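Peer 1: make a model of this:
(one chain, ligands or ions: 1)
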Amino acid sequence: MTDRTSPPKISFRDVGCRFPVRGGHFTAVDRVSLDVGEREFVTVVGPSGCGKSTLLNMAAGLVTPTSGEVVVDGRRVTGPGPDRGVIFQQYALFPWLTVRRNVEFGLRVAGVGAAERRRRADEAIALVGLGDFADALPKTLSGGMKQRCAIARAYAVDPDVLLMDEPFGALDSLTRVQLQEQLLDTWSRQTRTVVFVTHDVEEAVYLAGRVVVMAARPGRVHRIVDVPLPYPRTEETRLSPEFAALRNEVWSAVHHQAPVEAPAR
Ligand SMILES: Nc1ncnc2c1ncn2[C@@H]1O[C@H](COP(=O)(O)OP(=O)(O)OP(=O)(O)O)[C@@H](O)[C@H]1O
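Peer 2: The predicted structure is shown next:
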């Protein structure tokens, strides 16, 4: 499904990010180089604080790199854009708007006319299985349904790239599995490139064609693990010995990272 021979969809080119802290700087991401192909599904895992969100936010244009650059479709990222949809762990829905109005919001901002807005919103709502709840307010929805709504909002704008930061992190494991399957199903039918940050090694392997394992202090790419399991992935995939072997490999890469040596004085 992925074409890694054509020019990359997203290129992290020697990208770094330092945040000012009292008395100096903290290097959150250090010289990361990574190409993500058109239609590729890449997951990013690593210990807490290793810079996963910062990396994603640089691709989203929400954080500016302090060195290097992120390039999408050959253009340097200088800010957010409709070509990149971002989904966070917190649903960030407007509580006073119905599901449909929430989903229409980005389209309204983009100046899409009312009829087209409605059509695209309803299509995205149906895609995430919320068709019966289009007129519901967020407070009447479960956590999983709220997250489906947030995903529908990103889908409606029809971005080429989906940047997802722990989108299922707050959900119970059953809902999480359902949303993983729905995401893969949608991804397989569309032409989207996905970068998905997670703490969950099993989730990382289940979804991805490649898992990027990051290391902390400073945040950098530690290893990249190919996941040559065929799509569509199913329960059988999760129970297969190949899946278990890959999960163990990624788990070891995350949990047995060599300690960072103190810099030479
Ligand atoms: N605006 C900021 N100012 C200062 N330090 C920051 C800022 N944003 C992030 N950091 C630091 O950069 C490091 C990387 O943060 P980041 O949120 O990218 O890590 P992460 O891998 O996503 O963590 P987690 O898995 O816990 O969400 C952390 O040590 C964090 O404290």
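Peer 1: and the longest helix that the chain contains, what's its mean pLDDT?
Peer 2: Longest helix in the chain, counting residues (DSSP state H): helix 173-189. Average pLDDT, helix 173-189: 88.
Peer 1: same check on stretch 55-71?
Peer 2: pLDDT averaged over stretch 55-71 gives 97.
Peer 1: check which residues of it are buried.
Peer 2: Residues of stretch 55-71 classed as buried: 55-63, 65-66, 68, 70-71 (neighbour count, 16 or more other C-beta atoms under 10 Å). Every residue, glycine included, has its C-beta placed from N, CA and C.
Peer 1: also stretch 165-182?
Peer 2: 165-169, 171, 175-181.
Peer 1: one step back: neighbouring contacts of the longest helix of the chain?
Peer 2: Residues from elsewhere that reach helix 173-189 (C-beta atoms under 8 Å, 6 or more residues apart in numbering): 1, 41, 127-129, 142-144, 147-148, 151, 155, 167-168, 171, 194, 203, 206-207, 231-233.
Peer 1: hmm, which of the residues you listed are the buried ones?
Peer 2: Listed as buried from the contacts of helix 173-189 are 41, 127-128, 144, 147-148, 151, 155, 167-168, 171, 194, 203, 206-207, 233; burial here means 16+ other C-beta under 10 Å.
Peer 1: out of the residues you listed, list just those in helices.
Peer 2: The helices, defined by DSSP H, take in 127, 144, 147-148, 151, 155, 203, 206-207 from these.
Peer 1: what residues does the stretch 1-150 of the chain put near the ligand?
Peer 2: The stretch 1-150 of the chain has residues 19, 21, 26, 28, 46, 48-54 near the ligand, with proximity defined as C-beta under 6 Å from any ligand atom.
Peer 1: and with 8 Å instead?
Peer 2: Residues of the stretch 1-150 of the chain lying close to the ligand by C-beta under 8 Å from any ligand atom are 17, 19-21, 26, 28-29, 46-57, 63.
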